[in-house]
Every structure is written in C-alpha cells, then in structure tokens.
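> prediction below, plus the sequence it came from.
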Amino acid sequence: MSATPALHPSGGPGTHEPKNPLSAVETASSEAILRVLRVTLHTGFAALLVVGVVRLLASGSRGSFPFLWTGLAFVLAAVYLTGTILEHRHAAGRIRFNPRRYGLPWLAAVTALWVLLLAGSADFAWLAFPLFFLHLHLLPRRAALLTIALMTAAVIASQWSASGDPVPHAAAVVGPLFGAAFAVITGLAYGALYREAENQRRAADELRRTRQELAASQHGAGVLAERERLAREIHDTLAQGLSSIVLLARAAEQSLAHGDSATAASRVALMQQTAADNLAEARSFVRGLSSPQLHDTTLVEALRRLCGETESGAAAAGAELRCRLEVDGEPAELPQPHQVALLRAAQASLANVRDHAHAGNAVVTLTFLGTEVTMDIYDDGVGFGAPPAAGTCVSGTGVRGTGHDGGADGSGFGLRSLEERVRALNGSLELETAPGEGTVVAIRLPLDGFGGDTLG
C-alpha cells in the first residue's frame, strides 16, 4: 500500500532492483545502506508493537480491556504487514497490482489504529517513532512535520495521563521532543540518500543505454565500411576482370565467325588468364589481404605489367592502344595501403580508358617526391561525353563518373570508389577532362614522414 522506499527492501516506489551488473555495481553502497535502514524500520515497528502488547497484558489493567487492545494491536500489525508485503512484491515485479495509489489511506489507517491503541495504553506511545518515518516519506514535508508535531503532542499527553502527575515530568516532554527531532533529521537524511541512489540508478541506466546505442552505431558503421570496402574491391577487380572477359569472348566469337581459330584460341587463353587473376584477387580481398599483383614484386613492376595487360586486352578486343609507364624520382618502398590504392587506381582508370575512352595512347606517370607520391593517368581519348564544363578540374567530393566512367547501369561507381580510397589516406584526387581532348586522373598521397627505403 505504501509508496515509500521505507516500506520494502527492494528499492522504493516503483523501483526495481538493478537487473544490470553495471547498475548493481554503481549503486551497491547506497542500496546496502537503504536496505539496512528499511529492515531496521520494520523490525523496530514490530518490536515496539510486541513490547506494548506484552506490557499491556502483564499490567492486567482495565479489567477485560487489555484483550480488546491486544486484538486491536493484531489488526494494526496485519494492516502494516499487508501494505509492506504488497509493496515489496510489486517492487520486485511479482504482482501487477500497484499498491502505491493506496499509500495515503494505508498511512491514515495505520495512524488511526495507533491513536486508538495510544488511547487505551501509553505502552504503545513509542510506536510513534517508526511512524514518524512513514509520515516523512509518504506526505509532503510541511504536512509531515505538522502530523509529527501532533503525534508528539499525543505521546506527551499519553505519558502525562499515565503518570497521574498534575504537571508532566520533564523526561515525558523532552524524550518525545528529542525523538521526534531525531526522526525528522534521520528521515530527511534517508530521503536524500534515497534520491542519490535513484540518481545513480538512472545515470547507470542511461549509461547502459548510451553504450548499447554506441555499440549499435559502431556495428552499423563497421558494416557500412566493410560493405564499401567490398564494393571497391569488387569494382576494381572482379567487375573490371569480368568486363575484360566479356570483351574477349566477343572478340573470340568474331574470330571464330571469320574462321581465324588461332586468334580465337589466343583470346580464349587470355580469358582464362584474366579469370585466374580475378579468382586470386577475390580470394585475396575476402581474406582482407593485399593485391596478389603486389606479392613478391614492387609497385613499379606491378604497374608496368598492368600497362602490358591493358595493351593486350585492348588488342584482343580489336583496338589499338599503346600504354606505357613513366617513373620520376627515386622509387621508394611505400606503405602497403598506398601501394594498393595506387594499383587499384591504375586498374580502374586504365579499364575506363580501354572500355570507354577510344584512346590510342595512355600514360601512367608515377612520381616520388620524398614527402608524397603522385600518379597521373593520361589518355588521348574522347574525354567525358558531358563534362561540367570544358577544361574543368574536379577534385574532392565533386568527382562523378560520366561518359568516361559512368552509366545508368551503375558503372559510374569507379571514380567515387577511387575518391574514397584516396580520401582514406588523406590524399587528393583531381580529374581534368574536356570533350575530344582526353582525360587526366591525378592522385596525390602524402607519406606523413614515412621513411621509405630506396629501391635499387
């Protein structure tokens, strides 16, 4: 019935014991103190009620009336116990019935029964002290202080009446007043401690929710990041390889249609090699490793081999494309992420040149500048079919694939993927193009003080 934290050992009105270890750890000290105080209150009430009944029966006063007051004491015990048990079970989540709405009627009933017992015997006067705590917790502060003052006056009057003295004894006045003052101070301190425990519980719950939301957010970000990584790898490896296989298959079909079985066989062999390379790439990025083209070789050698493969692929498709690599500066060993990013950039850019640019020449220029490395991929093809403006230099997040690297089928992912790779390494990407004047993809990657070893 009571809505006060003093009535049950589980944590107060509508308050459940912490179900989370974090909450339990952070509120353990306050919870332990509150539990001791609650148990002490209930035990004290029961002990004082028993003492009053025993003294009443032992005195044998008022003829048969002691048994009436004893029965009334049992009624008080039953009402008090019913309220505390219901509140405890509700706070523990064992029953749905909420006794808090009946807290004030319950307190009024307990107080009225005590007043009746006090009228019958002064031996029940000391029950006022645990009742003081109930009033402090269930009533507003001013109302509680008023009822405590009235109850104190009733205790003093009861003691005075029982003594039979014409003037109340000093102890009969000072004792109840001191007890009331002590109860008020202790009750207010208990309330402050209870509020602190509640604040700690709420803070722990909020921290737990925040951690859960942060974990979910980090998980989502990780999923998106991995999805982007796989998308980049698939585009720069499998998609480009499959595109080459499709072109080679068409060229082989045309050769067979013209009866040129030797050329068809060479193109089928190149298709097999391209498929094998892409299978190795797929296995590599599934394991999160670097490109197989960088195993046991340098970036310069991998780029030179890529230029040769681009020429071969274009020739197999019936196009004449000359691709060469130029290296400026002293080649140095680069960090693995830089090597992978540059190789992937060259793969995507040269695939665009081969498939879309209709170029006759392509030049990959790799420049080592000590504090940074740059790579330019130039072709003399048709340029973008619909660039933003002639001679436009598009950099940063403004890069979009059109003509050279775009299409409604999603093939425009290449430049965006390349931009994300470069941005992840704090680099910059610029795209210069104009209709009929070719295209230049320029990449700049800072080395951030990396001391690469010079390659001999």
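Alright, I've got the coordinates.

> sec struct for residue 441, please.
Three-state assignment for residue 441 (DSSP: H, G, I helix; E, B strand; the rest coil): strand.

> so for the helix or strand encompassing residue 197, mean pLDDT?
Taking DSSP states H and E as the definition, one finds residue 197 inside helix 170-233. Taken as a whole, helix 170-233 has an average pLDDT of 80.

> next, the buried residues of stretch 45-52.
Buried residues in stretch 45-52, defined by neighbour count with 16 or more other Cβ atoms under 10 Å: 45, 48-49, 52. (Each C-beta comes from the backbone N, C-alpha and C, glycine too.)

> try stretch 308-318
Residues of stretch 308-318 classed as buried: 309-314, 316-317 (neighbour count, 16+ other Cβ under 10 Å).

> in helices, which of the residues you listed fall?
Using DSSP state H, the subset of these located in helices is 309-314, 316.

> where in the stretch 51-200 of the chain is pLDDT low?
60-65, 167-168 (pLDDT under 70).

> one more: the stretch 351-456 of the chain?
385-414, 449-456.

> run the last query once more with 80
Applying pLDDT under 80 to the stretch 351-456 of the chain flags residues 384-417, 448-456.

> helices along that one, start to end?
Using DSSP state H, counting those that start in this stretch, the helices assigned to the stretch 351-456 of the chain run over residues 413-424.

> what angle do the helix holding residue 197 and helix 413-424 make?
For helix 170-233 against helix 413-424, the angle by axes from the mean of the first three to the mean of the last three Cα atoms, to 10 degrees is 130 degrees.

> ok, and what's touching the helix or strand just after helix 170-233?
Next helix or strand after helix 170-233 toward the C-terminus (DSSP H and E): helix 240-257. Applying Cβ atoms under 8 Å, 6 or more residues apart in numbering, the contact partners of helix 240-257 are 261, 263-264, 267-268, 270-271, 274-275, 277-278, 281, 313, 316-318, 347-348, 351, 354-355.

> which residue lies farthest from the center of this structure?
Distance from the C-alpha centroid of the chain, by Cα atoms, centre = their mean, peaks at residue 166 (73.6 Å).

> would you check how far apart that one and residue 154 are?
Using Cβ to Cβ, to the nearest Å, residue 166 is found at 20 Å from residue 154.

> give me phi/psi at residue 330?
Main-chain dihedrals, residue 330, degrees, to the nearest 10: phi -80, psi 120.

> can you give me the strands in the protein?
Using DSSP state E, the strands found in the chain span residues 322-328, 361-368, 372-379, 392-395, 428-433, 439-446.

> distance of residue 356 relative to residue 337?
Taking Cβ to Cβ, one finds residue 356 at 28 Å from residue 337.

> who's more crowded, those two?
The residue with more neighbours, out of residue 356 and residue 337, is residue 356; 21 against 13, by other Cβ atoms under 10 Å.

> if I look at that one, how far off is residue 384?
Distance, residue 356 to residue 384, using Cβ to Cβ: 10 Å.

> what does residue 54 give?
As judged by Cβ to Cβ, residue 54 and residue 384 stand 102 Å apart.

> of those two, which one has the most company?
Neighbours per residue, other Cβ under 10 Å: of residue 54 and residue 384, the larger number sits with residue 384, 25 against 12.

> verify the contact between the more buried one and residue 432 for me.
No - using Cβ atoms under 8 Å, residue 384 makes no contact with residue 432, being 10.1 Å away.

> and for the two, which residues touch both?
residue 439.

> and the most centrally placed residue in the chain, how far from residue 222?
Ranked by distance to the mean C-alpha position of the chain (Cα atoms, centre = their mean), the top residue is residue 214 at 1.5 Å. Distance, residue 214 to residue 222, by Cβ to Cβ: 12 Å.

> and residue 318, by the same measure?
Separation of residue 318 from residue 222 (Cβ to Cβ) stands at 45 Å.

> then residue 355?
Separation of residue 355 from residue 222 (Cβ to Cβ): 33 Å.

> now do residue 42
On the measure of Cβ to Cβ, residue 42 and residue 222 end up 52 Å apart.

> who's more crowded, the two?
Shown here are residue 42 and residue 222; by other Cβ under 10 Å, residue 42 has more neighbours (19 against 10).

> quick one: pLDDT of the more buried one?
You'll see residue 42 listed with a pLDDT of 83.

> the nearest residue to it once chain neighbours are set aside and residue 52, how far apart?
In space, and not counting its chain neighbours, residue 42 is closest to residue 84: 6.4 Å by Cβ to Cβ, 6 or more residues apart in numbering. When distance is defined by Cβ to Cβ, residue 84 is 19 Å away from residue 52.

> repeat that for residue 170.
Applying Cβ to Cβ to residue 170 and residue 52 gives a distance of 23 Å.

> how near is the nearest residue to residue 175 once chain neighbours are set aside to residue 87?
With sequence-adjacent residues excluded and distances taken as Cβ to Cβ, 6+ apart, residue 175 is closest to residue 159, at 8.0 Å. Look at residue 159 and residue 87: by Cβ to Cβ, they are 32 Å apart.

> what about those two, which has more around it?
Counted by other Cβ under 10 Å, residue 159 and residue 87 do not tie: residue 87 has more neighbours, with 28 against 19.

> wait, the more buried one sits on residue 100?
Yes - using Cβ under 8 Å, residue 87 is in contact with residue 100, at 7.4 Å.

> list the residues that contact the closest residue to residue 380 other than its chain neighbours.
Using Cβ to Cβ, 6+ apart and skipping residues adjacent in sequence, the residue nearest residue 380 is residue 438, 4.4 Å away. If you count contacts by Cβ under 8 Å, 6+ apart, residue 438 has them with 357, 359, 378-383.

> would you map the helices across the stretch 51-200 of the chain?
65-91, 103-120, 128-138, 141-163, 170-233.

> and the last one with helix 128-138, angle?
Going back to what we said before, that points to helix 170-233. Angle, helix 170-233 to helix 128-138, by the same axes, to 10 degrees: 40 degrees.

> can you list the contacts of residue 438 in CSV and add neighbour count and distance to residue 186?
Conversion of the contacts of residue 438 to CSV gives the following (neighbours: other Cβ atoms under 10 Å; distance: Cβ to Cβ, whole Å):
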residue, neighbour count, distance to residue 186
357, 25, 87
359, 23, 90
378, 20, 86
379, 28, 87
380, 17, 92
381, 24, 89
382, 18, 90
383, 22, 87
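
> between which two of those residues is the distance greatest?
Based on Cβ to Cβ, the longest span within the contacts of residue 438 runs between 378 and 382 and measures 13.7 Å.

> lovely, talk soon.
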